[in-house]
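Trainee: fold the following for me, if possible:
(one chain, ligands or ions: 1)
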Amino acid sequence: MARKEASADLRELPLTAMANAIFVLNGPNLNLLGTREPEVYGTETLEDLKARCDRKAHALGFVVDFRQSNNEGELVNWIQEARTDASGLIVNAGAFTHTSIAMLDALLACTVPVVEVHLSNIFTREPFRHRSYVSKAAKGVICGFGGLGYELAIEALAAAISRAKAG
Ligand code: DQA
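Mentor: Next comes the predicted model:
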């Protein structure tokens, strides 16, 4: 195929398919970050977290597709989308972490590496937060470091993706 034709085709692809895309999926109530229990979750907003992720991913040669939903079904659909459109997945499932077998099943069907993130240290909190359905499908878990955890997750994921590519 001629070079000119190839670049025209590429322009029609969605942003995520054009580059090394990392999906960052956020679950219920994370849209309220900044004002929601700041003593637990800090004062950074979801927009601030997105900016952190964009910066970190860009520095490592990746692009981030950053999303949030309060709806379990939508999160399941996005995880399924990641099977074809992402090279890695970061999930902060919020309260669905502790309840959602549907999200676990979707993640288990996902062949790309998954990193689970929580802003707070779920193990120092109420007992019902100590169990995570997401963890079974995750390569690793980062919790307790606030927004920095998202950057650490991108770093870990980028390393895992590079390792997998190198064979
Ligand atoms: C959270 C921890 C969950 O237990 C809680 O339901 C959340 C946020 C975190 O990022 O610390 O919504 O996932």
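Trainee: which other residues reach stretch 156-167?
Mentor: The contact list for stretch 156-167 (C-beta atoms under 8 Å, 6 or more residues apart in numbering) reads 20, 22, 57, 60-62, 87-90, 113, 115, 139-140, 142. Using the backbone N, CA and C atoms, a C-beta is placed for each residue, glycine as well.
Trainee: where in the chain is pLDDT low?
Mentor: Counting by pLDDT under 70, the chain has low-confidence residues at 1-19.
Trainee: where do the strands of it begin and end?
Mentor: Assigned by DSSP state E, the strands in the chain fall at 21-26, 63-68, 88-92, 114-118, 140-143.
Trainee: what's the closest of those to Leu152?
Mentor: Across the strands of the chain, Leu152 has its closest neighbour in strand 140-143 (5.2 Å, C-beta to C-beta).
Trainee: the closest one: which residues count as buried?
Mentor: Residues Val141, Ile142, Cys143 are the ones in strand 140-143 that count as buried (16 or more other C-beta atoms under 10 Å).
Trainee: returning to what we had before: got the strands of the chain as a markdown table, with distance to Asp48 columns?
Mentor: What follows is the strands of the chain, written out as a markdown table (distance: least, C-beta to C-beta, whole Å):
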| stretch | distance to Asp48 |
| --- | --- |
| strand 21-26 | 12 |
| strand 63-68 | 11 |
| strand 88-92 | 14 |
| strand 114-118 | 15 |
| strand 140-143 | 17 |
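Trainee: for the ligand, find the nearest of the ones you listed.
Mentor: The ligand lies closest, by C-beta to the nearest ligand atom, to one member of the strands of the chain: strand 114-118, at 3.6 Å.
Trainee: quick revisit: may I see the PyMOL selection of the buried members of the contacts of stretch 156-167?
Mentor: Command for PyMOL, covering only those of the contacts of stretch 156-167 found buried under the criterion 16+ other C-beta under 10 Å:
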select buried, resi 20+22+57+60+62+87+88+89+90+113+115+142
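Trainee: how far out from the middle of the chain is stretch 149-166?
Mentor: 12 Å (C-alpha atoms, centre = their mean, to the nearest Å).
Trainee: next one: the longest helix belonging to the chain to chain centre, how far?
Mentor: For the chain, the longest helix by residue count, based on DSSP state H, is helix 148-166. Mean-position distance between helix 148-166 and its chain equals 11 Å (C-alpha atoms, centre = their mean).
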